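Enquirer: Sharing a model prediction with you, sequence too.
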Amino acid sequence: MSSKMEAKAEAGTHFVLVHGAWCWYKLLPLLKMAGHHATAIDLACCGVHSMDAHQIQTWSDINKPLVHLFKTLPPHQKVILVGHSMGGMNLSLMMEQFPEKIKAAVFLTAFMPLSGSSAMEMISEVQARIQSWGDTEFIMGESGIPISFKFGPTFAMQMLYQNSPTEDIELGGSLLRKFPIIQGEVVYIEERYGSIPRVYVVAKDDKAIWEELQRKMIAENPPDRVYEMEGSDHSAFFCYPHRLAEILDEISSSYNGIY
């Protein structure tokens, strides 16, 4: 590696990508080629993580791999944390727990909850717009409240990946797992969560978290910046990885003075 490239890599941002490490396989090399560090995390019960959805009871349970990563970061290192879809809930909790470790938070067509919101409330917002979950499987608890779900193959193809390459649809079909619906609220305070710059990336052709719902979250909880991805379905990292890498690189440049 040339000294110029070494200097660029040394100056690069460390991106932490949530959730489901496999989702980011196209983006990781693009960020690294731009001189950044990138770590994709499997939350508990996601990807190849050994836990099952029904072993997860709390947000602390599912966030354990992410908390472990943050505790092993060098003392003065800050990361840009990127959350996709329901990963926005996990992102918000990490912002509250580790504000001193986060340079900026990027919500990629993700839930961006108000303090006190629950996952079930956010899922209900989605359901009010899409009307039907199709062949998605919900597991009900004893109280009659859903405790986990797994996207059905038809729903995933039509609502999550409709603009994505066929090979990524096949990959998703083989790796999607049951995901817990955690009942606890996401709670944060302005002095911690609010101290971190937030960026929202709108996927304009998202059929799962509709653009209208993304705009509603932006209006209710305004971030510092908003980017748009024309033609992007719910899985921007599959259908437009190069454009997403460009956006993240620009975000890095905007916040590279925050230490």
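Expert: Structure's in. What do you need? Just so we're clear, the structure is a prediction, and the values are computed from it rather than from any experiment.
Enquirer: Please, where are all the strands along the chain?
Expert: With DSSP state E as the criterion, the chain has strands at 14-18, 37-40, 79-84, 102-108, 117-118, 137-140, 146-150, 179-180, 185-186, 198-203, 225-229.
Enquirer: Out of these, which is closest to residue 170?
Expert: Closest to residue 170 of the strands of the chain, according to Cβ to Cβ: strand 146-150, at 16.6 Å. C-beta coordinates here come from the backbone N, C-alpha and C atoms, glycine included.
Enquirer: picking up where we left off before, next, format the strands of the chain as JSON lines and append mean neighbour count and distance to residue 256.
Expert: Formatted as JSON lines, the strands of the chain follow (neighbours: other Cβ atoms under 10 Å; distance: least, Cβ to Cβ, whole Å):
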{"stretch": "strand 14-18", "mean neighbour count": "24", "distance to residue 256": "11"}
{"stretch": "strand 37-40", "mean neighbour count": "18", "distance to residue 256": "13"}
{"stretch": "strand 79-84", "mean neighbour count": "26", "distance to residue 256": "10"}
{"stretch": "strand 102-108", "mean neighbour count": "25", "distance to residue 256": "8"}
{"stretch": "strand 117-118", "mean neighbour count": "18", "distance to residue 256": "31"}
{"stretch": "strand 137-140", "mean neighbour count": "13", "distance to residue 256": "43"}
{"stretch": "strand 146-150", "mean neighbour count": "17", "distance to residue 256": "38"}
{"stretch": "strand 179-180", "mean neighbour count": "24", "distance to residue 256": "34"}
{"stretch": "strand 185-186", "mean neighbour count": "20", "distance to residue 256": "28"}
{"stretch": "strand 198-203", "mean neighbour count": "24", "distance to residue 256": "14"}
{"stretch": "strand 225-229", "mean neighbour count": "16", "distance to residue 256": "14"}
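Enquirer: I'd like the ones you listed as CSV, with mean pLDDT appended.
Expert: Shown next, in CSV, are these (pLDDT from 0 to 100):
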stretch, mean pLDDT
strand 14-18, 96
strand 37-40, 96
strand 79-84, 97
strand 102-108, 98
strand 117-118, 94
strand 137-140, 89
strand 146-150, 87
strand 179-180, 82
strand 185-186, 94
strand 198-203, 98
strand 225-229, 98
